[in-house]
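>>> Let's see this in three dimensions:
(chains A, B, C and D)
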2 protein chains.
Amino acid sequence: MTTASPAPRTARERARVELTREIVETARTHLVTAGAAGLSLRAVARDLGMVSSAVYRYFPSRDDLLTALIIDAYDAVGDAAETADRVIRRDRFLDRWMAVSHATRDWAIAHPQEWALIYGSPVPGYAAPEDTIGPGTRVSLTLTQILGDALAAGGHSTPTTVPRAVSRSMRTLKEFLPYALPDSLLVGGVMARTQLFGHISLELDGQFTNTISDLDVFFDHVMRVTGRELGLS
Amino acid sequence: MTTASPAPRTARERARVELTREIVETARTHLVTAGAAGLSLRAVARDLGMVSSAVYRYFPSRDDLLTALIIDAYDAVGDAAETADRVIRRDRFLDRWMAVSHATRDWAIAHPQEWALIYGSPVPGYAAPEDTIGPGTRVSLTLTQILGDALAAGGHSTPTTVPRAVSRSMRTLKEFLPYALPDSLLVGGVMARTQLFGHISLELDGQFTNTISDLDVFFDHVMRVTGRELGLS
DNA sequence: GGTTGTCAAGAGCACTGCTCTCAATACCGC
DNA sequence: GCGGTATTGAGAGCAGTGCTCTTGACAACC
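Predicted coordinates for the structure are as follows:
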């Protein structure tokens, strides 16, 4: 939550950033209990001892408050993933992949409502604004970083060819990445991300109840298999 | 919508099942535009020319109406998957897998709100009742059926061993399935399902925008790779 | 034919997001 | 320091929500 805005000069400006932060924090505590759709601007205002219309001075609509929460959540899970990656030796690629996977899942389990907010079905009538696409890619970037490092280390299995149309469909993705990856590894990376995010979301939605008993060991195994299929070791 | 209830005798009972059906259908049309959380019981009543309290004679709460929609959606996507599987020659296992995958995705794209209702983040404050777990497994069952058939045909690659703890964590799943599958194939099946459902959900949530341009060909390729990793051909 | 149960309707409660007005007050240029 | 301006919080109000309760009408059964 490092606000990159210019230093507040006047007392009023200071009070404004302070109150804005308090509103967001109170909203987050409400989010964990009531969920995204149950987030009430009036209830937040009540908790802060102010009247509802006053909150609209700080967030022009409920959706803008939601957007602030979304950005915070993206940053939080991105932090968790990057921090987990950083403590692993750079050349232990599979370990790094496992660390990032577990960190992401752990964060999701600890903050299910915020996970649903960023990776779940969008709240009806809410369209994610452009501000969210930047921090939204941090986890994915960490994952691709591992792939890139493994490729640079040379110890990667031979890339297979993918159909031209598939290669073309990933053009925007390739332009976005800071380094080049073979097409097949790119597909594998996207699939690995789908496996990771999909598994977490399905688990949080209860789609594994009455199916898998020990989800900790199962997730670990699935992610290990996924990492090996990526050629990591 | 084949109601398995006993034939309504009196005119009143007939009017009741008729009106119940009309309510559900109107609710579904509202669902596709307003989404799950935006589904308003009053709006449904207005559309039907009745007052809101009258609807409560048929559905004791808004959640019960949602449950009816969920069961319908599970059945619809299950129908789509099973129908797609049925028209493929039984021994073309990869083709069957591709057909089921595409049918599931096509249905999801055609009914995004209903997909979100059943495979997305649960609506806040709503807990899926037991009635939904039965029809909720039809797509998954179709997928495992393909795996079972492929295994019975003998043309399957050699199963690898999985850790004992992982094997144990799938015990409830094994008891549920009507036939035995090797552990590694079971893990592969769960992962394939995660890949399929996860990809569709991520795509519907817009997580592939600015990344993959032609999602049709990309999905086809991803599912083909997944099918091959399952040992299908 | 009378009793019983079901039904639609309406009023009402507590809540929501959001807008508008109004008074108080902090800020800034002079 | 002072006056004009902009920002702020408070309150009322609108339109909407889920849900409950009561009331009167009607069909179904004995």
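
>>> Which part of chain A gets nearest to chain B, residue-wise?
With C-beta to the nearest C-beta, the shortest gap between chain A and chain B falls at A:G198, namely 1.8 Å. Bear in mind the C-beta positions are built from the backbone N, C-alpha and C, glycine included.

>>> roughly how far apart are the nearest residue to that residue once chain neighbours are set aside and A:P159?
Here the nearest residue to A:G198 in space, its sequence neighbours aside, is B:G198; by C-beta to C-beta, 6 or more residues apart in numbering or on different chains that works out to 1.8 Å. Distance check for B:G198 against A:P159: by C-beta to C-beta, to the nearest Å, it reads 24 Å.

>>> just to revisit the earlier point, ok, the residue of chain A closest to chain B - contacts?
Taking C-beta atoms under 8 Å, 6 or more residues apart in numbering or on different chains as the definition of contact, the neighbours of A:G198 are B:T194, B:Q195, B:F197, B:G198, B:H199, B:S201, B:L202.

>>> Which strand or helix spans it?
A:G198 is located in helix A:183-204, with elements delineated by DSSP states H and E.

>>> Which element is encountered next along the chain beyond that helix?
Proceeding C-terminally, helix A:183-204 gives way to helix A:215-229 as the next helix or strand, assigned by DSSP H and E.

>>> Could you check the angle that next one makes with helix B:215-229?
Following axes from the mean of the first three to the mean of the last three C-alpha atoms, to 10 degrees, one obtains 100 degrees for the angle between helix A:215-229 and helix B:215-229.

>>> Neighbours of A:P159, how many?
Number of residues near A:P159 (other C-beta atoms under 10 Å in any protein chain shown) recorded here: 16.

>>> swap in A:L117?
24.

>>> what helix or strand does it sit in?
Applying DSSP H and E as the criterion places A:L117 in helix A:112-119.

>>> And for that helix, what's in contact with it?
A:28, A:31-32, A:35-36, A:66, A:69-70, A:73-74, A:76-77, A:107-108, A:123, A:132, A:136, A:197, A:200-201, A:204, B:121, B:202, B:205, B:207.

>>> same thing but at 7 Å, please
Outside of helix A:112-119, the residues within contact range by C-beta atoms under 7 Å, 6 or more residues apart in numbering or on different chains are A:31-32, A:35-36, A:69-70, A:73-74, A:108, A:136, A:197, A:201, A:204, B:121.

>>> so of those residues, which ones are in helices?
Among the contacts of helix A:112-119, the subset assigned to helices under DSSP state H consists of A:L31, A:V32, A:L69, A:I70, A:A73, A:Y74, A:A108, A:F197, A:S201, A:L204.

>>> Please tell me how far the residue in chain A that DNA strand D sits nearest to sits from A:A45.
With distances taken as C-beta to the nearest atom of the strand, chain A approaches DNA strand D most closely at A:S53, which sits 2.8 Å away. Distance, A:S53 to A:A45, using C-beta to C-beta: 8 Å.

>>> Count the residues that sit near A:L69.
Residues within reach of A:L69, counting by other C-beta under 10 Å, total 22.

>>> so where's chain A shaky on pLDDT?
Under the criterion pLDDT under 70, the flagged ranges of chain A are A:1-8, A:122-130, A:155-157.

>>> list the contacts for A:E22?
For A:E22, the set of contacting residues under the criterion of C-beta under 7 Å, 6+ apart consists of A:L48.

>>> SS state for it?
helix (DSSP: H, G, I helix; E, B strand; the rest coil).

>>> Ok, A:A54 next?
helix.

>>> got the residues of chain A near DNA strand D?
Taking C-beta under 7 Å from any atom of the strand, the part of chain A that reaches DNA strand D is made up of A:R12, A:A15, A:R16, A:L19, A:G49, A:M50, A:V51, A:S52, A:S53, A:A54, A:R57, A:Y58.

>>> residues near the fourth one, how many?
Other residues near A:L19 number 16, with proximity taken as other C-beta under 10 Å.

>>> How about the first one?
Using other C-beta under 10 Å, A:R12 is surrounded by 8 other residues.

>>> same deal with the third one?
Counted with other C-beta under 10 Å, the burial measure for A:R16 works out to 14 neighbours.

>>> That one is in what secondary structure piece?
Here A:R16 sits within helix A:11-34, counting by DSSP H and E.

>>> Run a quick neighbour tally on A:E18.
Residue crowding around A:E18 was assessed by other C-beta under 10 Å; the count is 11.

>>> which ones are touching A:P163?
With C-beta under 7 Å, 6+ apart as the criterion, the residues that contact A:P163 are B:H221.

>>> rerun that using 8 Å as the cut-off
Under the criterion of C-beta under 8 Å, 6+ apart, the contact partners of A:P163 comprise B:V217, B:H221.

>>> if we can go back for a sec, the helix holding A:G198 to helix A:112-119, inter-axis angle?
For helix A:183-204 against helix A:112-119, the angle by the same axes, to 10 degrees is 140 degrees.

>>> list the buried ones in helix A:183-204?
Applying a neighbour-count criterion of 16 or more other C-beta atoms under 10 Å in any protein chain shown, one finds A:183-204 buried in helix A:183-204.

>>> Could you single out the nearest of the ones in helices among the contacts of helix A:112-119 to DNA strand C?
Closest to DNA strand C out of the ones in helices among the contacts of helix A:112-119 is A:L31 (11.6 Å), distances taken as C-beta to the nearest atom of the strand.

>>> Surely that closest one touches A:L69?
Yes - taking contact to mean C-beta atoms under 8 Å, the distance of 6.1 Å between A:L31 and A:L69 places them in contact.

>>> Spell out which residues are contacts of both of these two.
Taking C-beta under 8 Å, 6+ apart as the contact criterion, the common neighbours of A:L31 and A:L69 are A:L39, A:E114, A:L117.

>>> And for the first one, the neighbour number?
The criterion is other C-beta under 10 Å. On that basis, A:L39 has 22 neighbouring residues.

>>> Quick check: it vs B:R42, distance?
According to C-beta to C-beta, A:L39 stands 22 Å off from B:R42.

>>> same check, this time on the last one
Taking C-beta to C-beta as the measure, A:L117 falls 27 Å from B:R42.

>>> Quick one: name the residues of chain A near DNA strand C.
The interface of chain A toward DNA strand C, taken as C-beta under 7 Å from any atom of the strand, is made up of A:9-13, A:39-43, A:52-53, A:56, A:60-63.

>>> which among the contacts of helix A:112-119 end up buried?
A:31, A:35-36, A:69-70, A:73-74, A:108, A:136, A:197, A:201, A:204, B:121.

>>> would a markdown table of the residues you listed with distance to B:A150 be doable?
Formatted as a markdown table, those follow (distance: C-beta to C-beta, whole Å):
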| residue | distance to B:A150 |
| --- | --- |
| A:L31 | 45 |
| A:G35 | 41 |
| A:A36 | 41 |
| A:L69 | 46 |
| A:I70 | 42 |
| A:A73 | 41 |
| A:Y74 | 41 |
| A:A108 | 33 |
| A:G136 | 38 |
| A:F197 | 28 |
| A:S201 | 28 |
| A:L204 | 31 |
| B:S121 | 33 |
